[in-house]
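K.L.:
build me a model:
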Amino acid sequence: MLELLLNADLYAPEHLGRRHLLIGGGRVLWIGSEQPALDPKLSVSVRDLRGRRVIPGLIDGHAHITGGGGESGYASRVPEVPLSHFTRAGVTCVVGLLGTDDLTRSPAQVVARARALEEEGLSAYAWTGGYHLPLSTITGSAKGDIVHIDKVLGVGELAISDHRSSQPTFDEFVRIASECHVAGLMSGKAGVLHLHVGDGTRGLELIRAALQICELPPRVFHPTHVNRNKPLFAQALDLARSGVTVDVTAYPADEGDVGWSAADALLAAFKSGADPARFTASSDGGGCLPSFDDDGRVTHMAVGSPQSLPTTLRELLLAGIPLERAIEPFTRNWARVLRLARKGKLAVGSDGDLVVLDEDHGIADVLCLGRWHVIAGKLLRMGAFESQPPA
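P.N.:
This is a model prediction of the structure:
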């Protein structure tokens with residue numbers, strides 16, 4: 001069915017003002033300022049948005065779609081993240097990955113879960129590997145996974161500067177980065193090395209050294225969790241000025257926390273003079289958010305939620321950031337990092353992924369690939385097992 005959306009206040013992400021959109025076949029077919037005269041024989045559903053703000057669907061480039069955790073025994077393994085946890089949050093595209101547990105969970109499971117989410121109506125992709133070297137892969141190499149498996153866009157989240165990492169040497173680090181880069185060239189995919197960065201004193205040292213010594217372009221490296229402490233974020237700002245895109249994690253910072261909340265980090269980034277296109281935000285949805293004592297034992301564990309993305313967006317808007325600027329770390333910037341040409345924007349030919357905001361900057365309606373998943377905050381679609389009671 002064709003869907004005609006009337007009177008959208010459109011942010012594409014540029015603010016285009018009052019526009020009408022025609023959606024069909026999962027794509028944006030037409031955008032214009034005058035209502036089109038369509039053949040009545042066509043089956044067209046018409047919806048008047050009455051001037052509400054419409055933005056591209058959010059991209060969550062770092063989510064544990066098969067569940068994270070496992071750092072405090074087997075019972076601490078987080079379950080899979082259901083479809084509606086993403087769609088309620090306005091997420092229309094997700095990239096799944098592994099973290100600490102890349103042994104009892106595998107990249108094959110992440111790819112399978114991405115395919116399941118896609119069958120349920122969400123665009124979904126995968127990073128291969130996990131925290132550790134040698135990488136856990138499907139084909140036997142990172143390059144093979146990126147080139148031969150459609151869902152795999154790059155490697156992630158390889159851990160550095162963290163007591164849970166495999167403590168990669170410089171040579172090991174740049175070898176994996178080069179595999180990503182070459183595989184991206186061969187396949188036309190992102191070919192990015194997505195990096196978990198811990199609280200270790202080395203910070204982003206490996207990336208800085210790689211940029212100084214090697215020929216690899218800055219876009220290959222994409223460190224995440226860079227807002228976990230303020231000295232690390234200062235290093236991240238320097239990397240952003242050198243052309244590296246850095247990712248902030250959308251978890252709230254408690255009073256007295258050593259880090260920045262995602263909103264505060266992005267506000268600082270916008271004020272820093274660094275290119276705003278060099279910042280993305282992700283949820284770590286389904287991932288374990290642990291606190292450790294001096295012996296490396298978990299003292300507290302929370303679980304990341306995709307809902308942290310629209311919460312961060314709302315905080316940016318309440319802080320006075322214009323909507324067209326505020327949505328870029330959740331939309332266009334991610335699309336560029338992931339080389340997903342039809343994502344992160346609303347233009348003729350782009351995917352039919354959009355979010356309608358309410359008056360309080362919240363998520364009202366969500367359209368994924370031309371199908372409504374959320375209307376007026378109510379779910380129209382759920383994952384295969386979401387509505388079933390527990391056994």
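K.L.:
quick one: list the elements packing against the helix or strand containing D60.
P.N.:
If you go by DSSP states H and E, D60 is part of strand 58-63. Contact partners of strand 58-63 among helices and strands, from 3 or more C-beta pairs under 8 Å, 6 or more residues apart in numbering; DSSP states H and E: strand 91-96, strand 246-249, strand 279-282, helix 308-318, helix 332-338. From N, CA and C alone the C-beta is placed, and that goes for glycine too.
K.L.:
TSV for those, including mean pLDDT, mean neighbour count and distance to S84?
P.N.:
Converted to TSV, the helices and strands packed on strand 58-63 look like this (pLDDT from 0 to 100; neighbours: other C-beta atoms under 10 Å; distance: least, C-beta to C-beta, whole Å):
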stretch	mean pLDDT	mean neighbour count	distance to S84
strand 91-96	98	29	10
strand 246-249	98	28	22
strand 279-282	98	28	19
helix 308-318	98	22	14
helix 332-338	98	23	21
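K.L.:
for the residue nearest to H62 when sequence neighbours are not counted, give its distance to V152.
P.N.:
Distances taken as C-beta to C-beta, 6 or more residues apart in numbering put S282 closest to H62, at 3.5 Å, once the chain neighbours are dropped. Taking C-beta to C-beta, to the nearest Å as the measure, S282 falls 18 Å from V152.
K.L.:
where does the stretch 201-350 of the chain dip in pLDDT?
P.N.:
Under the criterion pLDDT under 70, the flagged ranges of the stretch 201-350 of the chain are 252-257, 289-293, 295-296, 298-301.
K.L.:
residue ranges of the helices in it, please?
P.N.:
If DSSP state H, counting those that start in this stretch is used as the criterion, the helices of the stretch 201-350 of the chain fall at 205-213, 230-241, 262-272, 308-318, 323-326, 332-338.
K.L.:
can you redo those as CSV with distance to I65?
P.N.:
Formatted as CSV, the entries for the helices of the stretch 201-350 of the chain read as follows, by distance: least, C-beta to C-beta, whole Å:
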stretch, distance to I65
helix 205-213, 26
helix 230-241, 25
helix 262-272, 20
helix 308-318, 15
helix 323-326, 25
helix 332-338, 15
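K.L.:
tell me which of those helices lies nearest to A108.
P.N.:
helix 332-338 (20.6 Å; C-beta to C-beta).
K.L.:
next SSE after the closest one?
P.N.:
Per DSSP H and E, the helix or strand that comes after helix 332-338 is strand 354-357.
K.L.:
list the buried residues for the helix or strand that that next one is followed by?
P.N.:
Towards the C-terminus, the helix or strand next in line after strand 354-357, according to DSSP H and E, is strand 363-368. Counting neighbours by 16 or more other C-beta atoms under 10 Å, one finds that the buried residues in strand 363-368 are I363, A364, D365, V366, L367, C368.
K.L.:
give me the contact list for the next helix or strand along the chain from the strand holding D60.
P.N.:
Once strand 58-63 ends, the next helix or strand along the chain (criterion: DSSP H and E) is helix 83-87. Taking C-beta atoms under 8 Å, 6 or more residues apart in numbering as the criterion, the residues outside helix 83-87 that touch it are 60, 63, 92, 94, 117, 120-122, 285-286, 305-307, 366, 368, 373-374, 379, 381-383, 386.
K.L.:
tell me the angle of the longest helix belonging to the chain relative to helix 205-213?
P.N.:
Secondary structure assigned by DSSP state H gives helix 170-187 as the longest helix of the chain. Between the axis of helix 170-187 and that of helix 205-213 there is an angle of 70 degrees, by axes from the mean of the first three to the mean of the last three C-alpha atoms, to 10 degrees.
K.L.:
return the set of buried residues in helix 170-187.
P.N.:
Within helix 170-187, judged by 16+ other C-beta under 10 Å, the buried ones are F173, V174, I176, A177, S178, E179, C180, H181, V182, A183, G184, S187.
K.L.:
quick check: next helix or strand after it?
P.N.:
Next in sequence after helix 170-187, counting helices and strands by DSSP H and E, comes strand 192-197.
K.L.:
returning to that earlier point: so what's the residue nearest to H62 up against?
P.N.:
Contacts here follow C-beta under 8 Å, 6+ apart; on that basis S282 touches D60, G61, H62, A63, T224, D247, V248, T249, A250, L309.
K.L.:
apply 7 Å and report the result again.
P.N.:
The contact partners of S282, by C-beta atoms under 7 Å, 6 or more residues apart in numbering, come to D60, G61, H62, T224, D247, T249, A250.
K.L.:
would you mind confirming that the fifth one is in contact with H222?
P.N.:
Yes. Taking C-beta atoms under 7 Å as the definition, D247 is a contact partner of H222 at 6.2 Å.
K.L.:
right, and T139 touches I146 too?
P.N.:
No. No contact is recorded between T139 and I146 when judged using C-beta under 7 Å, the distance being 9.2 Å.
K.L.:
comparing those two, which residue is more hemmed in?
P.N.:
Higher neighbour count among T139 and I146: I146, with 28 against 15, using other C-beta atoms under 10 Å.
K.L.:
flag every buried residue along the strand or helix carrying the more buried one.
P.N.:
Assigned by DSSP H and E, I146 belongs to helix 142-148. Residues A142, K143, G144, D145, I146, V147 are the ones in helix 142-148 that count as buried (16+ other C-beta under 10 Å).
K.L.:
quick check, nearest of those residues to L357?
P.N.:
Each of the buried residues of helix 142-148 was scored against L357 by C-beta to C-beta, and I146 proved nearest at 35.2 Å.
K.L.:
what sits against that closest one?
P.N.:
Shown in contact with I146 (C-beta under 7 Å, 6+ apart): V152, G154, C180, A183, G184, S187, K189, G191.
K.L.:
and of the contacts of S282, the nearest to P276?
P.N.:
Proximity of those to P276 (C-beta to C-beta) peaks at D247, which lies at 13.8 Å.
K.L.:
for the closest one, which non-adjacent residue is spatially closest?
P.N.:
T224 (3.9 Å).
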